[in-house]
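*Asks:* what follows is a predicted structure for the sequence shown.
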Amino acid sequence: MVNKNQKNRLWIRGILLFVIAGVLVFLVSLLNQKETSEERYGIWFSPTKPVLPFTLESTQGGTLTQDNLKGQWTFIFLGYTRCPDICPTTMKLLHEVYINLKEKGVKPLPSVIFVSLDPQRDSVENVKQYVEAFDPHFIGLTGSPEAINKFAENMGIFQKSMNDGTIQHSGVVTVINPKGEVAAVFVSPKDADKMAADYEAAVGNR
């Protein structure tokens, strides 16, 4: 037999579930407002989001700023060279996307940038070896911890250093359009063909 306290707990639990469901519906509605009407694999934004000023060291020599992102399409992924799982998997995926687009003759091809979340251990030389092991066309960036943290926040990337030396972080690939704005995100992407199809549609090749 259910006593009064149990009834109250069940009632409260039901109210909480109702509220949570309402919040989820609200968030989904907001997300739908940000997506384009065309069905896509990634989340494409309208309006787009500006990239705030930054200056980071490039594996191609010198520095790279937000102005260097203009005039081209760019895929950006934030990780670290000692990452055991999500980083190598995502970098391999980005290589597959790049090859997919190249073989199809899609133009312009995107620039692919890897930004280290572990600047105290990832030197420019380490990052260069890491990114070019996946594809010689890829670019790596690093910088001071302050500059990296600011850039990650700008990109909306979660990161947290753990006691064992690993870094928990978001597995997001961000797409920058030729205006230097955040046009889309792929959240923990797994399908290179679908990513490539999204890009083709965005640049008008489909």
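*Replies:* Nice, thanks for sending it over. What you see is a predicted model, and the numbers here were worked out from it, not measured in a lab. Numbering: from 1, shown residues only.
*Asks:* now do stretch 153-173: distance to the chain's middle.
*Replies:* 11 Å (C-alpha atoms, centre = their mean, to the nearest Å).
*Asks:* what residues of it count as buried?
*Replies:* Going by neighbour count (16 or more other C-beta atoms under 10 Å), the buried part of stretch 153-173 is 154-155, 157, 159, 167, 169-173. Where C-beta positions appear, they are placed from N, C-alpha and C, glycine not excepted.
*Asks:* okay, it in PDB with CA atoms only?
*Replies:* In PDB, the C-alpha atoms belonging to stretch 153-173 read as follows (Å, rounded to 0.1, in the frame of the first residue of the first chain):
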ATOM      1  CA  GLU A 153      35.500  29.400 -25.100                       C
ATOM      2  CA  ASN A 154      34.900  31.400 -28.300                       C
ATOM      3  CA  MET A 155      34.300  28.100 -30.200                       C
ATOM      4  CA  GLY A 156      32.000  26.900 -27.400                       C
ATOM      5  CA  ILE A 157      34.300  23.900 -26.700                       C
ATOM      6  CA  PHE A 158      34.200  22.300 -23.200                       C
ATOM      7  CA  GLN A 159      37.600  21.200 -21.800                       C
ATOM      8  CA  LYS A 160      38.800  20.000 -18.400                       C
ATOM      9  CA  SER A 161      42.300  18.800 -17.400                       C
ATOM     10  CA  MET A 162      42.300  15.600 -15.300                       C
ATOM     11  CA  ASN A 163      44.700  14.400 -12.700                       C
ATOM     12  CA  ASP A 164      46.000  11.600 -14.900                       C
ATOM     13  CA  GLY A 165      47.200  14.100 -17.500                       C
ATOM     14  CA  THR A 166      44.300  13.500 -19.900                       C
ATOM     15  CA  ILE A 167      41.900  16.300 -21.000                       C
ATOM     16  CA  GLN A 168      38.200  15.800 -21.200                       C
ATOM     17  CA  HIS A 169      36.900  17.900 -24.200                       C
ATOM     18  CA  SER A 170      34.100  18.200 -26.700                       C
ATOM     19  CA  GLY A 171      34.300  16.200 -29.900                       C
ATOM     20  CA  VAL A 172      33.000  19.000 -32.000                       C
ATOM     21  CA  VAL A 173      34.200  20.000 -35.500                       C
END
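*Asks:* so which residues make contact with it?
*Replies:* Contacts with stretch 153-173, where a contact means C-beta atoms under 8 Å, 6 or more residues apart in numbering, come from 42, 51-52, 54, 75-80, 82-84, 86, 90, 94, 117-118, 149, 152, 174, 182, 185-189, 195.
*Asks:* of those, grab the buried ones for PyMOL.
*Replies:* A single PyMOL command selects the buried members of the contacts of stretch 153-173 (16+ other C-beta under 10 Å):
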select buried, resi 42+51+54+75+76+77+78+79+80+83+90+94+117+118+152+174+182+185+186+189+195
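*Asks:* so which of the contacts of stretch 153-173 sit within helices?
*Replies:* Among the contacts of stretch 153-173, DSSP state H puts 86, 90, 94, 149, 152, 195 in helices.
*Asks:* mind putting the residues you listed in JSON lines, pLDDT and distance to Ala133 included?
*Replies:* JSON lines is the format used below for the ones in helices among the contacts of stretch 153-173 (pLDDT from 0 to 100; distance: C-beta to C-beta, whole Å):
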{"residue": "Ile86", "pLDDT": "97", "distance to Ala133": "16"}
{"residue": "Thr90", "pLDDT": "98", "distance to Ala133": "14"}
{"residue": "Leu94", "pLDDT": "98", "distance to Ala133": "13"}
{"residue": "Asn149", "pLDDT": "97", "distance to Ala133": "26"}
{"residue": "Ala152", "pLDDT": "97", "distance to Ala133": "23"}
{"residue": "Met195", "pLDDT": "98", "distance to Ala133": "20"}
